[in-house]
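Undergrad: Turn this into a model:
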Amino acid sequence: MATAIASSFTLCQHVPTENEDECQEEQYSLCPHCDLWLCIPHTLDHQQIIQANAHELNDRANQVRQQLTELSIDYLYEDCKKKIDEWRDQIHAEINIRHAEMVQQLTKLYDELAEEVKEFKQKKIESFTHEIVEPLTRMLTKQKQVHPKELKTLVTKLQSLEEKIVDIKKPNVIHMNYDEVKLNGEVNFTRQHPCDEIEATLNIDPSLELEYLKRAAIHRFQLETNGLALAASDNFILTFESPSTLLLFNNEIQLRSIDTKGNEVWDICWSDTMKLFLIAGKKLQTYDIIHNQIVDTSVNNPLSNSNIWSVTSYFHDVLLLYKHDSIKRYSWPSFKLKTMWPKSSYLEENSDSGASCIRLNDIGILAISIRQEDLHWRIDLFDTQMQRIHRGVPLTNNGKDEWNFPFISLTNNEWNFPFISLTNNEWLVMDESSRPQMLTLVDKNGKLKQQIEKEGYNLAIMGGRFLVLRHSNSLLLYKLSQ
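TA: Residues are numbered from 1 along each chain as shown. Next up, the predicted model:
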């Protein structure tokens with residue numbers, strides 16, 4: 001009977017493997033696993049396979065039950081909470097920046113008003129003595145009678161002065177549109193001029209117009225070598241001539257030549273607080289114009305081949321960017337190390353290859369020129385704790401790794417991208433790496449605001465009146481206004 005039900009094949013239908021012979025046993029039953037007629041041994045083998053599958057399914061079921069038991073969405077809350085905290089920190093940083101900007105505007109306005117009040121007091125005290133006190137004293141001590149018209153004149157003068165004093169003491173002499181201020185909105189301080197009764201509104205100072213720089217330079221100072229390092233105070237210009245000389249100029253002539261004691265200089269900055277030029281290279285030096293003295297500081301270079309790439313200052317703090325990408329903050333005049341930030345603090349992993357220049361503005365915002373892996377440059381802005389406030393947009397698009405820097409060896413793949421701080425938390429960038437070379441004004445959010453073609457290596461602002469441009473073997477001086 002079984003033989004009749006089975007197929008015409010009398011031998012086991014087990015499919016042999018490559019190294020296995022065909023089964024010579026007779027068919028016994030139809031296997032539900034493979035739908036083939038198998039012998040008893042192969043039927044038992046397939047049963048073991050089915051049981052193994054059943055055990056695997058049981059293990060999987062246990063795992064799913066465990067997952068179901070432990071199922072939780074707590075991580076969703078934690079992830080969202082982390083993002084909210086990051087948003088809060090970002091907003092706090094932006095608020096601190098806006099607060100500093102507003103305090104800067106208020107301080108400027110207050111100083112102007114305080115100077116007016118000081119002058120008013122000096123003038124009015126003198127006139128008060130001559131026009132009121134002396135006539136009234138004479139009227140009461142030397143005259144036997146007092147004429148009502150004379151008395152009325154004194155009353156009028158005294159009343160006018162009293163009204164002026166009341167006007168000066170009014171709380172709305174300085175007014176801020178605080179009820180209209182938004183995080184990204186403009187802030188206006190409206191003030192009265194009670195001393196002369198003229199009203200004015202303090203708005204943000206106008207931006208620099210780069211169109212002025214398309215005109216011819218008003219002066220050219222000839223140099224002997226190509227170079228980079230350049231800085232300016234209100235009245236002086238300091239630049240570096242290879243191999244070890246600093247040259248000091250005013251806006252008309254060269255004044256001095258200073259030996260750097262063998263220091264090859266990469267960057268210079270002026271500190272208005274210290275009244276010194278800070279000079280960065282193989283070592284950090286200071287130069288005192290009044291005493292014509294250059295001094296080596298106590299700042300030690302940790303590596304013999306790690307030049308100080310850039311230097312900037314803010315009040316009594318000095319920040320140094322080292323060639324191998326670390327930034328250190330020192331305290332002046334002791335030059336004691338306060339903080340050190342590794343490159344991971346300001347370079348983005350897998351997208352940035354290095355930094356070349358640092359500049360602090362007058363409210364403590366740090367700008368860093370950063371080179372991306374794709375060879376683009378951008379300017380990022382950071383707060384005093386090295387927290388990124390704004391990520392700038394790319395400034396150049398070179399396309400390939402070609403650099404024309406006669407002042408830096410290309411064989412070491414070194415580069416620089418100098419820039420300086422302007423008013424209104426804006427930044428002027430001399431992009432020597434682009435073709436054509438570009439002079440770019442970057443706003444407080446790291447965005448491009450103005451841009452013109454201009455050849456040059458480095459630049460400095462001299463007292464808000466002149467722009468000094470380091471160009472080939474010369475310094476060019478441009479007026480910043482009509």
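Undergrad: what are the phi and psi angles of the closest residue to Glu453 other than its chain neighbours?
TA: Leaving aside its sequence neighbours, Glu453 sits nearest to Pro436 (C-beta to C-beta, 6 or more residues apart in numbering; 4.9 Å). (C-beta placed from N, C-alpha, C; glycine too.) Backbone torsions for Pro436, taken as degrees, to the nearest 10, come to phi -70, psi 160.
Undergrad: Against Lys152, how distant is Pro436?
TA: Taking C-beta to C-beta, to the nearest Å as the measure, Pro436 falls 76 Å from Lys152.
Undergrad: now Leu255
TA: 63 Å.
Undergrad: Sketch out the low-pLDDT regions of this structure for me.
TA: 1-9, 172, 177-208, 301-305, 396-425, 482 (pLDDT under 70).
Undergrad: rerun at 50
TA: 1-7, 197-205, 399-416 (pLDDT under 50).
Undergrad: residues near the residue nearest to Glu453, how many?
TA: Number of residues near Pro436 (other C-beta atoms under 10 Å) recorded here: 8.
Undergrad: Okay, helices next: where are they in this protein?
TA: Per DSSP state H, the chain carries helices over the ranges 2-5, 40-70, 74-128, 134-141, 148-168.
Undergrad: Can you say which of those helices is nearest to Met176?
TA: Evaluated over the helices of the chain, closeness to Met176 peaks at helix 74-128, with 7.6 Å, by C-beta to C-beta.
Undergrad: Domains in the protein, by residue range?
TA: Following automatic domain parsing, one gets these domains for the chain: 2-70, 82-202, 210-479.
Undergrad: so which of these comes closest to Leu76?
TA: Of these, nearest to Leu76 by C-beta to C-beta is domain 82-202, at 11.0 Å.
Undergrad: hang on, the earlier thing: out of the helices of the chain, nearest to Leu467?
TA: Using C-beta to C-beta, the helices of the chain put helix 74-128 closest to Leu467, at 22.3 Å.
Undergrad: residue closest to the middle of this structure?
TA: Leu381 (1.8 Å; C-alpha atoms, centre = their mean).
Undergrad: Which one's more surrounded, Leu255 and Lys152?
TA: Taking other C-beta under 10 Å, Leu255 and Lys152 do not tie; Leu255 has more neighbours (13 against 10).
Undergrad: gap between Pro135 and Arg388?
TA: 67 Å.
Undergrad: typed the wrong thing, it's Arg98
TA: 16 Å.
Undergrad: how long is stretch 292-311 end to end?
TA: Length of stretch 292-311, first residue to last, C-alpha to C-alpha, to the nearest Å: 21 Å.
Undergrad: Show me what that stretch is in contact with.
TA: 246, 256, 258-261, 264, 266-269, 278-288, 318-324, 330, 334-335, 356-358, 416 (C-beta atoms under 8 Å, 6 or more residues apart in numbering).
Undergrad: Mind giving me the ChimeraX command for buried ones among these?
TA: Selection command for ChimeraX covering only the buried members of the contacts of stretch 292-311, criterion 16 or more other C-beta atoms under 10 Å:
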select :246,258,260,266,267,268,269,278,279,280,281,282,283,284,285,286,287,318,319,320,321,322,323,330,356,357,358,416
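Undergrad: In strands only, show me the contacts of stretch 292-311.
TA: Among these, the ones falling in strands (DSSP state E) are 246, 256, 258-259, 267-269, 278-280, 284-288, 318-322, 330, 356-358.
Undergrad: Leu223 reaches Thr239, doesn't it?
TA: Yes - using C-beta atoms under 8 Å, Leu223 is in contact with Thr239, at 7.3 Å.
Undergrad: Compare these two and say which is more crowded by neighbours.
TA: Taking neighbours as other C-beta under 10 Å, Leu223 and Thr239 compare with Thr239 leading, 24 against 19.
Undergrad: and that one, what are its bridge partners?
TA: Using DSSP bridges, the bridge partners assigned to Thr239 are Leu230, Leu247.
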